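J.: test case, fold it:
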Amino acid sequence: MMFQRINREDSEKVFSVFYNVAGATITAGYPACWDTSTADGVRVTKPATANLSLVVGLAAETINDSSYGRFQCYGYRASGYVINATAQTLNAGDIIIPVNAQWYLNYSAASDGKSGFLFAGESYASVTQTTLSAAANKKVFIRAL
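T.: Numbers count the residues shown, from 1 in each chain. So this is what the prediction gives:
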């Protein structure tokens, strides 16, 4: 783990290094989850139904397939990839989670068993389209330690 040196001008952040086995590039701001097919504590992949609760954080940089890269696992991040495919506005402080087979985060009901790792840092109006093109970089708070 890499802990950002404490200073007054920047919020605290924690990073970990993981190995991308998603079969695709993980772009900065995308969420990733532990790879459960070969659970070794290092491999991460695209979110899937079986691993949504195993989110490691958001990519801090673009990470090529079969490469190591940094993921932010704690702290404020100005650019997490978020979609709001709900009938309500996503508000700052709302819980957001990875979405099955997608590279973005979406609103989560507090009692779904997958919550408590990622939070919206700003409001985001709902959209009718649930594709990657409707997602946007938004402020988030990460607590995936």
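
J.: nearest spatial neighbour of the residue nearest the centre of the chain, skipping sequence neighbours?
T.: Centroid-nearest residue in the chain, with Cα atoms, centre = their mean: P31, separated by 3.0 Å. Take P31 and drop its neighbours on the chain: the residue closest to it by Cβ to Cβ, 6 or more residues apart in numbering is P98, 4.4 Å away. Bear in mind the C-beta positions are built from the backbone N, C-alpha and C, glycine included.

J.: phi, psi for that neighbour please.
T.: The phi and psi torsions at P98 (degrees, to the nearest 10) take the values phi -60, psi 160.

J.: one more: the one 4 residues further on?
T.: Recorded main-chain torsions at Q102 are phi -130, psi 160, according to degrees, to the nearest 10.

J.: right, and it touches T49 too?
T.: No - applying Cβ atoms under 8 Å, one finds Q102 not in contact with T49, separated by 11.3 Å.

J.: out of the two, which sits in the busier spot?
T.: More neighbours surround Q102 than the other of Q102 and T49, with 20 against 8 (other Cβ atoms under 10 Å).

J.: and that one, how close does it get to T89?
T.: In this view, Q102 and T89 are 20 Å apart by Cβ to Cβ, to the nearest Å.
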